[in-house]
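Peer 1: Sequence and predicted structure below; questions after.
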Amino acid sequence: MTYTWSVFTKPWSGLPGDELGKLVAGLGFTGAEIPVRDTAFVTPATAESDLPPFVEQLRAEGVEPISIASDLSESAFSAAAKAGVPMIRIMAPVGPDGYAASVRRIRQQLEDAAALVTQYGVQVGVQQHHGNFVTSSLGVLHLLDGLPAEFKVVWDAAHDALAGDDPAITLPLVKHRLGIVNLKNAKYLRTGECWKTWFGQAGEGLADWSAVFANLHDYTGPICLTGQYSDPSVPVEERLRIDLRTAVTSAAAAASGEYD
């Protein structure tokens with residue numbers, strides 16, 4: 001199966017496009033998700049002017065942007081359209097007014113964004129996330145029910161596992177809306193009286209990457225390694241090289257039927 005092997009460039013969010021493109025390509029990736037945030041090189045305030053040349057610098061190094069991590073403002077849609085970036089990725093936060101009220105509010109925001117999706121030809125991807133967010137991919141799927149096909153699920157292996165879900169169940173159910181597959185791994189660690197999440201490499205958490213690829217039937221979209229690791233003692237670049245090799249090997253084994 002042919003995938004666009006991509007990386008979330010948040011670990012190097014302050015780099016200009018030419019330096020970032022060389023770094024990402026040197027790690028072996030051909031795709032990238034770009035943060036458009038106040039702390040990044042491309043900010044929401046400058047995105048319409050800065051994102052297109054930034055993206056062209058990535059493309060000059062053989063790196064194709066798969067999405068921006070941003071918001072649903074018209075300026076974000078306009079910037080993505082000008083740069084030829086196909087998707088804006090967001091999450092679904094749960095506020096102090098509770099889950100049900102938050103879902104109604106987010107749903108309204110998504111409905112309001114439908115006109116921008118049509119106007120600019122840019123998709124919206126919603127990712128599940130542990131904590132004060134819609135935590136399950138099935139919750140995201142319910143949130144998107146009835147919206148146009150351009151509203152996609154960004155399925156995340158680590159957060160799927162942290163929610164106690166199984167990719168053999170969730171991936172087939174979100175298949176018709178699947179826009180990006182995020183690969184990372186995580187587990188819960190006990191610290192005193194509390195539990196916290198700890199993000200590690202491919203084999204260091206609750207997610208089974210082999211099971212992910214075994215259930216990606218007919219999916220040919222981007223696979224995005226997010227570069228999130230809780231232990232800073234090893235450079236993120238070194239960890240990503242190892243995890244990319246693991247992912248490519250797992251994908252090849254699934255394609256050959258090894259995991260059937």
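Peer 2: All right, it came through fine. Numbering: from 1, shown residues only.

Peer 1: Now do the strands in the stretch 1-150 of the chain.
Peer 2: Assignment of strands within the stretch 1-150 of the chain using DSSP state E, counting those that start in this stretch yields the ranges 4-8, 31-35, 64-69, 87-91, 123-127.

Peer 1: Which one of the ones you listed lies nearest to K175?
Peer 2: Across these, K175 has its closest neighbour in strand 123-127 (14.6 Å, CB to CB). (C-beta placed from N, C-alpha, C; glycine too.)

Peer 1: which strands and helices sit next to that closest one?
Peer 2: Counting contacts by 3 or more CB pairs under 8 Å, 6 or more residues apart in numbering; DSSP states H and E, strand 123-127 packs against strand 87-91, helix 99-120, helix 137-144, strand 151-156, strand 178-183.

Peer 1: ok, back up a step: next, format the strands of the stretch 1-150 of the chain as JSON lines and append mean pLDDT and mean neighbour count.
Peer 2: Formatted as JSON lines, the strands of the stretch 1-150 of the chain follow (pLDDT from 0 to 100; neighbours: other CB atoms under 10 Å):
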{"stretch": "strand 4-8", "mean pLDDT": "98", "mean neighbour count": "23"}
{"stretch": "strand 31-35", "mean pLDDT": "98", "mean neighbour count": "25"}
{"stretch": "strand 64-69", "mean pLDDT": "98", "mean neighbour count": "24"}
{"stretch": "strand 87-91", "mean pLDDT": "98", "mean neighbour count": "23"}
{"stretch": "strand 123-127", "mean pLDDT": "98", "mean neighbour count": "25"}
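
Peer 1: re earlier: okay, the helices and strands packed on strand 123-127, which one's buried deepest?
Peer 2: Comparing the helices and strands packed on strand 123-127 by mean neighbour count (mean count of other CB atoms under 10 Å), strand 151-156 comes out on top with a mean of 26.

Peer 1: ok, G121 - how many residues close by?
Peer 2: Counted with other CB atoms under 10 Å, the neighbours of G121 add up to 13.

Peer 1: In contact with the closest residue to it other than its chain neighbours, which residues?
Peer 2: Nearest residue to G121, sequence neighbours excluded (CB to CB, 6 or more residues apart in numbering): A81, at 6.1 Å. Applying CB atoms under 8 Å, 6 or more residues apart in numbering to A81 gives the contacts 120-122.

Peer 1: Contacts only, for the residue nearest the centre of the chain.
Peer 2: Among the residues of the chain, the one closest to the centroid is N182, at 4.8 Å (CA atoms, centre = their mean). By CB under 8 Å, 6+ apart, the contact set of N182 is 8, 127, 154-159, 224-226.

Peer 1: if we look at the sheet, which residues does it bridge to?
Peer 2: Beta-bridge pairing for N182 (DSSP bridges): D156, C224.

Peer 1: I figured D50 hits V42, correct?
Peer 2: Yes - taking CB atoms under 8 Å as the definition, D50 is a contact partner of V42 at 4.9 Å.

Peer 1: okay, those two: which has more neighbours?
Peer 2: Taking other CB under 10 Å, D50 and V42 do not tie; V42 has more neighbours (26 against 18).

Peer 1: check contacts around P167.
Peer 2: By CB under 8 Å, 6+ apart, the contact list for P167 reads 157, 160, 207-208, 211-212, 215.
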